[in-house]
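Novice: Got a predicted structure here, sequence first:
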Amino acid sequence: MIDWGLVAKVAGGGFGVTILVLTLLSVIIWVVGLITRESESQGEEKE
């Protein structure tokens with residue numbers, strides 16, 4: 001027999017981890033973009 005409660009926990013956990021990882025990646029990329037943009041603007045001011 002299939003334990004549907006366990007199936008729901010595994011599927012829900014996998015989906016939750018996927019959303020968490022994608023959220024963390026998007027925040028990291030956003031921060032790196034801010035840092036890159038800031039360093040480029042400072043480089044233009046020095047020249």
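Specialist: Nice, thanks for sending it over.
Novice: elements contacting the host helix or strand of residue 43?
Specialist: Under the criterion of DSSP states H and E, residue 43 resides in helix 4-46. Contacting helix 4-46 under the criterion 3 or more Cβ pairs under 8 Å, 6 or more residues apart in numbering; DSSP states H and E is no other helix or strand. (C-beta placed from N, C-alpha, C; glycine too.)
Novice: can you tell me the average pLDDT over that helix?
Specialist: Here helix 4-46 scores 92 as its mean pLDDT.
Novice: how close does residue 22 sit to residue 28?
Specialist: Noted for residue 22: a distance of 11 Å to residue 28, by Cβ to Cβ, to the nearest Å.
Novice: and if you look at residue 18?
Specialist: According to Cβ to Cβ, residue 18 and residue 28 sit 16 Å apart.
Novice: Over to residue 12?
Specialist: 25 Å.
Novice: likewise residue 1?
Specialist: 43 Å.
Novice: who has more neighbours, these two?
Specialist: Legend: neighbour count by other Cβ atoms under 10 Å for residue 1 and residue 28, higher for residue 28 (10 against 3).
Novice: Provide a list of residues in contact with the more buried one.
Specialist: Contacts for residue 28 (Cβ atoms under 8 Å, 6 or more residues apart in numbering) come out as none.
Novice: Near residue 10, how many residues? Count them for me, please.
Specialist: For residue 10, using other Cβ under 10 Å, the count is 11.
Novice: what does residue 32 give?
Specialist: Neighbour count for residue 32, taken as other Cβ under 10 Å: 10.
Novice: Kindly report the same for the one 4 residues further on.
Specialist: Residues near residue 36, counting by other Cβ under 10 Å, number 10.
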